[in-house]
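Colleague: Fold the following and give me the result.
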Amino acid sequence: MAVRLFESKDHTASYLQYRVAPQELISMIMDYMRKQTKNQFKLAVDVGCGSGQGTVLLAPYFTAVVGTDISPAQLETGLTNSHPPNVSYKQCPAEELPFAAGEVDLVTAMTAAHWFDRPRFLQETDRVLRPGGCLALLSYTLNMTLEYGDVSEALNDICKEFYAALLPYRSPYLGPSSMKLYLDMYNSCSYQDKEWNECFHVRRTVPLRRYICMVETFSSYQKLKEKDPAGAEQLSNDIQNKLLSVMKASSPDTEVTMVVHYFYWLARKP
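Modeller: I've put the predicted structure just below:
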């Protein structure tokens, strides 16, 4: 990976616990693959796999699934977490995958490709994919929304305050929009069979505290926490208290619907 983040043990543990595993999108990826091939697939590679939340979701569809990441701490967390026997992990850069040419049926990167050396990653993907193999890149915008009774709009105004406070700590590597990075990759992909979707909502009913904890896993929050630990904690507490006040609730265990706004693109190698 071109940028190294998410490597402390505390951060990797939070990443595993609070990030959303996009089961709905895995189903869409497999539907796309089955348009051409109906049988069980042999090998999927999940690049920038982190602690493996998305990697394990591929296990029912492939003989073998390999998650790759540059971070030893992330992979250690993935290994210690329960995973199916056909899932394994390897440490390597996204741009140097340890697979033979034409060996791989599916290459995925879930909320990770924006950190890669993107032109080199696409070249490496083309090398390892078999003819007819697929590439699936997905991520989500950071403007997650909340639904709760008739106060959803007021809650989301507070959520916007949270995101605005973190914006100064956003990595300059990402530029103003990570979605644009993915669209640029999509446009640069030479495969003719490809599709782009910029709005797919994944809903999860979670305790309010889990929403706060998920935002705390973002790289921008981690940068704020590194610079000003007390300020980061105060920001989280203030946002949580404002949300609870609007909800007329006292406990952060009160459940809300968290809506994660995914975007993705799929492509098939000729």
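Colleague: Show residues contacting the longest helix seen in the chain.
Modeller: Counting by DSSP state H, the longest helix found in the chain is helix 229-247. Identification of contacts with helix 229-247 by C-beta atoms under 8 Å, 6 or more residues apart in numbering yields 146, 148-149, 151, 154-155, 158-159, 161-162, 165, 208-209, 212, 215-216, 221, 224-225, 250-252, 254, 256. (Glycine included, C-beta is placed from N, CA and C.)
Colleague: what about 7 Å?
Modeller: Where contact means C-beta atoms under 7 Å, 6 or more residues apart in numbering, the residues beyond helix 229-247 that reach it are 148, 151, 154-155, 158, 161-162, 165, 208, 212, 216, 221, 224-225, 250, 252, 254.
Colleague: give the contact list for the residue most central in space within the chain.
Modeller: The residue lying closest to the centre of the chain (C-alpha atoms, centre = their mean) is T111, at 2.7 Å. Contacts for T111 (C-beta under 7 Å, 6+ apart) come out as S139, Y140.
Colleague: Residue numbering should commence at 2 henceforth.
Modeller: Sure thing, new numbering starts at 2, so read that last one as T112.
Colleague: how far away is it from C50?
Modeller: Going from T112 to C50 by C-beta to C-beta, to the nearest Å gives 10 Å.
Colleague: Equivalent analysis for C160, please.
Modeller: From C160 to C50 the distance is 28 Å (C-beta to C-beta).
Colleague: Give me the more crowded residue out of the two.
Modeller: Neighbour totals were compared for C160 and C50, and C50 leads with 28 against 21 (other C-beta atoms under 10 Å).
Colleague: ok, and the closest non-adjacent residue to the more buried one?
Modeller: Residue nearest to C50 in three dimensions, not counting chain neighbours: G68, with 3.2 Å by C-beta to C-beta, 6 or more residues apart in numbering.
Colleague: What about the one you found, how many residues nearby?
Modeller: So G68, with other C-beta under 10 Å, has 29 neighbours.
Colleague: where does it fall, helix, sheet strand or coil?
Modeller: strand (DSSP: H, G, I helix; E, B strand; the rest coil).
Colleague: got a pLDDT number for it?
Modeller: With respect to pLDDT, G68 scores 96.
Colleague: still on that earlier bit, mind listing what's buried in the longest helix of the chain?
Modeller: With burial defined by 16 or more other C-beta atoms under 10 Å, the residues of helix 230-248 counted as buried are A233, L236, S237, I240, Q241, K243, L244, V247, M248.
Colleague: Next one: the third one from V48, what distance?
Modeller: So the one you mean is S237. 31 Å.
Colleague: beta partners for the residue nearest to C50?
Modeller: Taking DSSP bridges, one finds D47, Y90 as the beta-bridge partners of G68.
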